[in-house]
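Trainee: Got a sequence here, can you build the structure:
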Amino acid sequence: MAKFLSNIIAYFKTIPDFRVKGRSTYKLYQILTILLIATTAGYKGWKDIHNFAVNYFWFFKLLLPGLENVLSVDTIARTISKIDP
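Mentor: Predicted coordinates:
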């Protein structure tokens with residue numbers, strides 16, 4: 001499982017960050033990783049994903065170096081709404 005997650009994180013790190021540099025607290029790969037794990041676990045909706053991130057913050061802090069705070073609902077929604085599927 002650890003190898004699988006590290007491969008996914010490595011892939012997410014290759015995705016160019018479209019957000020304004022210097023204004024983003026979280027790295028794009030951190031947001032995408034949290035979203036992938038939350039949706040895989042069955043969480044739907046921005047509030048549910050945020051609550052999942054709050055409940056498992058200890059895990060995400062270990063998995064994603066540099067993660068200092070839990071993503072807000074607005075950060076999740078705003079970031080994902082700008083991604084072209």
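Trainee: low-scoring stretches of this protein, by residue?
Mentor: 1 (pLDDT under 70).
Trainee: Pull the contacting residues for the residue nearest to residue 32 when sequence neighbours are not counted.
Mentor: Of all residues not flanking residue 32 in the chain, residue 12 sits nearest, at 4.6 Å (Cβ to Cβ, 6 or more residues apart in numbering). Every C-beta, even on glycine, is put in place using the N, C-alpha and C of the backbone. For residue 12, the contacting residues are 28-29, 32-33, by Cβ atoms under 8 Å, 6 or more residues apart in numbering.
Trainee: Neighbour count, secondary structure and distance to residue 22 for those - can I get that in a markdown table?
Mentor: Output for these, formatted as a markdown table (neighbours: other Cβ atoms under 10 Å; DSSP: H, G, I helix; E, B strand; the rest coil; distance: Cβ to Cβ, whole Å):
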| residue | neighbour count | secondary structure | distance to residue 22 |
| --- | --- | --- | --- |
| 28 | 17 | helix | 14 |
| 29 | 18 | helix | 17 |
| 32 | 19 | helix | 20 |
| 33 | 21 | helix | 22 |
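Trainee: that older thread, pull out the CA atoms of the host helix or strand of the residue nearest to residue 32 and give them to me as PDB.
Mentor: Here residue 12, judged by DSSP states H and E, is contained in helix 2-13. C-alpha atoms of helix 2-13 as PDB (Å, rounded to 0.1, in the frame of the first residue of the first chain):
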ATOM      1  CA  ALA A   2       2.800   2.400   0.900                       C
ATOM      2  CA  LYS A   3       4.400   1.900  -2.600                       C
ATOM      3  CA  PHE A   4       1.100   2.500  -4.300                       C
ATOM      4  CA  LEU A   5       0.500   5.800  -2.400                       C
ATOM      5  CA  SER A   6       4.100   7.000  -3.000                       C
ATOM      6  CA  ASN A   7       3.600   6.300  -6.700                       C
ATOM      7  CA  ILE A   8       0.400   8.300  -6.800                       C
ATOM      8  CA  ILE A   9       2.000  11.200  -4.900                       C
ATOM      9  CA  ALA A  10       5.000  11.100  -7.300                       C
ATOM     10  CA  TYR A  11       2.500  11.300 -10.200                       C
ATOM     11  CA  PHE A  12       0.500  14.200  -8.600                       C
ATOM     12  CA  LYS A  13       3.800  16.100  -8.100                       C
END
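Trainee: Alright, that wraps it up for me.
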